[in-house]
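> Fold the following.
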Amino acid sequence: MAGLSQRRAALVARLRVAKSRATERAVLVEGVRAVREALDAGIEVRFAVSSPRLETTDEGRALAARLQRLDLTRMDDEDLPEVSDTEHSQGVLLVGAEPEVSLGSIRARGRYLVLDGVQDPGNAGTLVRAAVAFGLDAVICLDGTVDPWIPKTVRASAGMIFRLPIVRGSSAEVVERLHGVLVPMLVADAEGQDPDAQSTAEGFALIVGNEGVGVRRELVLQADAVVAVRMPGPAESLNVAMAASILLHALTQERSGG
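Predicted coordinates:
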């Protein structure tokens, strides 16, 4: 089987590193589910790579048929791991253009999850997945947050990152936009109030913070409310993705009248 060209192999390698990935404005997507989600979302595909392993399942064979219409390189199963970012390749990877989303996508009465300095790719990807699960309109990544388009974050989202807009901006830019469209800012903090008491008729932007230090002080001071997960048990805290999921459930249930 033909191998991947040296130029394309070098590009795939660069996409594993946040700094060079941002320069390329491209996304490396791996795994059957994530690649399918990217294609369903209409990602601008640059090229795809597959190996015979992809066609060992019904789901993989269906995806392989779709890939035939793209710029596709076939590799041997033993060669694909050399360019893959995963330890156990499912026999498929894709390189596509990073979706472009502006601050203008933040609109009145929208429901948003804002990541403030969330640095772990696994947490960031899980937070994106939660935002999709609870029907939010976008995820907003502030400065200091891990690159949402690096391969580890895309995989952690289970491909859900392609199902909603990912907005990126500085804290000042995002606050100005949220205030401009009158979307209430809700900060997640252990000292906050029960989210069930919070009206979401005007939408909301739930802000969750860095795994170690929480939401930055200036955002707390500008928030319309501070909300918390009530924990009657002895645990001192929850993982940021777990806490955000609980809060999003409460906020979206209240909004829908549940």
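
> Could you check how far Gln90 is from Val35?
9 Å (C-beta to C-beta, to the nearest Å). Where you see a C-beta, it was placed from the backbone N, CA and C, and this is true even at glycine.

> Same check on Ala18?
From Ala18 to Val35 the distance is 21 Å (C-beta to C-beta).

> Same drill for those two, tell me which one is more crowded.
Per other C-beta atoms under 10 Å, whichever of Ala18 and Val35 has more neighbours is Val35, with 27 against 15.

> Quick check: that one touching Leu94?
Yes: Val35 lies in contact with Leu94 (C-beta atoms under 8 Å); the separation is 4.9 Å.

> who touches Ala97 in this structure?
Contact analysis of Ala97 by C-beta atoms under 8 Å, 6 or more residues apart in numbering lists 25-27, 43-44, 46.

> now the spatially closest residue to Ser245 that is not a sequence neighbour, what's its secondary structure?
In space, and not counting its chain neighbours, Ser245 is closest to Ala130: 4.4 Å by C-beta to C-beta, 6 or more residues apart in numbering. The three-state label for Ala130, taken from DSSP: H, G, I helix; E, B strand; the rest coil, comes out as helix.

> Burial check on Ala130, number of neighbours?
Around Ala130 there are 22 other residues, counting by other C-beta under 10 Å.

> got it, and Met75?
For Met75, the count of nearby residues is 22 (other C-beta under 10 Å).

> Would you state the predicted confidence (pLDDT) at the nearest residue to it once chain neighbours are set aside?
Excluding its sequence neighbours, the residue lying closest to Met75 (C-beta to C-beta, 6+ apart) is Ser51, at 5.0 Å. pLDDT for Ser51: 96.

> tell me the contacts of Ser51?
Residues in contact with Ser51 (C-beta under 8 Å, 6+ apart) are 1, 74-77, 79-80, 89, 91-92.

> This structure - how does it break down into domains?
Following automatic domain parsing, one gets these domains for the chain: 6-97, 103-255.

> Please identify the most buried of those domains.
Greatest average neighbour count among the domains of the chain goes to domain 103-255 (a mean of 19), per mean count of other C-beta atoms under 10 Å.

> ok, the contacts of Ala97 vs Ala225, which is closest?
Relative to Ala225, the closest of the contacts of Ala97 is Val27; by C-beta to C-beta it sits at 34.8 Å.

> residues in contact with that closest one?
Neighbour list for Val27: 15, 21, 38, 43, 95-98, 149, 154 [criterion: C-beta under 8 Å, 6+ apart].

> how about the residues you listed in JSON lines, adding secondary structure and distance to Val181?
JSON lines is the format used below for the contacts of Val27 (DSSP: H, G, I helix; E, B strand; the rest coil; distance: C-beta to C-beta, whole Å):
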{"residue": "Leu15", "secondary structure": "coil", "distance to Val181": "33"}
{"residue": "Arg21", "secondary structure": "helix", "distance to Val181": "30"}
{"residue": "Ala38", "secondary structure": "helix", "distance to Val181": "29"}
{"residue": "Ile43", "secondary structure": "coil", "distance to Val181": "28"}
{"residue": "Val95", "secondary structure": "strand", "distance to Val181": "35"}
{"residue": "Gly96", "secondary structure": "strand", "distance to Val181": "30"}
{"residue": "Ala97", "secondary structure": "strand", "distance to Val181": "28"}
{"residue": "Glu98", "secondary structure": "coil", "distance to Val181": "24"}
{"residue": "Trp149", "secondary structure": "coil", "distance to Val181": "25"}
{"residue": "Val154", "secondary structure": "helix", "distance to Val181": "28"}
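
> Redo the residues you listed as CSV? Include distance to Glu55.
Shown next, in CSV, are the contacts of Val27 (distance: C-beta to C-beta, whole Å):
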residue, distance to Glu55
Leu15, 25
Arg21, 29
Ala38, 19
Ile43, 22
Val95, 20
Gly96, 21
Ala97, 27
Glu98, 29
Trp149, 28
Val154, 23
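
> Using JSON lines, lay out those residues together with pLDDT and distance to Gly135.
Listed next are the contacts of Val27 as JSON lines, based on pLDDT from 0 to 100; distance: C-beta to C-beta, whole Å:
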{"residue": "Leu15", "pLDDT": "96", "distance to Gly135": "30"}
{"residue": "Arg21", "pLDDT": "95", "distance to Gly135": "29"}
{"residue": "Ala38", "pLDDT": "97", "distance to Gly135": "21"}
{"residue": "Ile43", "pLDDT": "97", "distance to Gly135": "22"}
{"residue": "Val95", "pLDDT": "98", "distance to Gly135": "30"}
{"residue": "Gly96", "pLDDT": "98", "distance to Gly135": "25"}
{"residue": "Ala97", "pLDDT": "97", "distance to Gly135": "26"}
{"residue": "Glu98", "pLDDT": "96", "distance to Gly135": "24"}
{"residue": "Trp149", "pLDDT": "97", "distance to Gly135": "22"}
{"residue": "Val154", "pLDDT": "97", "distance to Gly135": "21"}
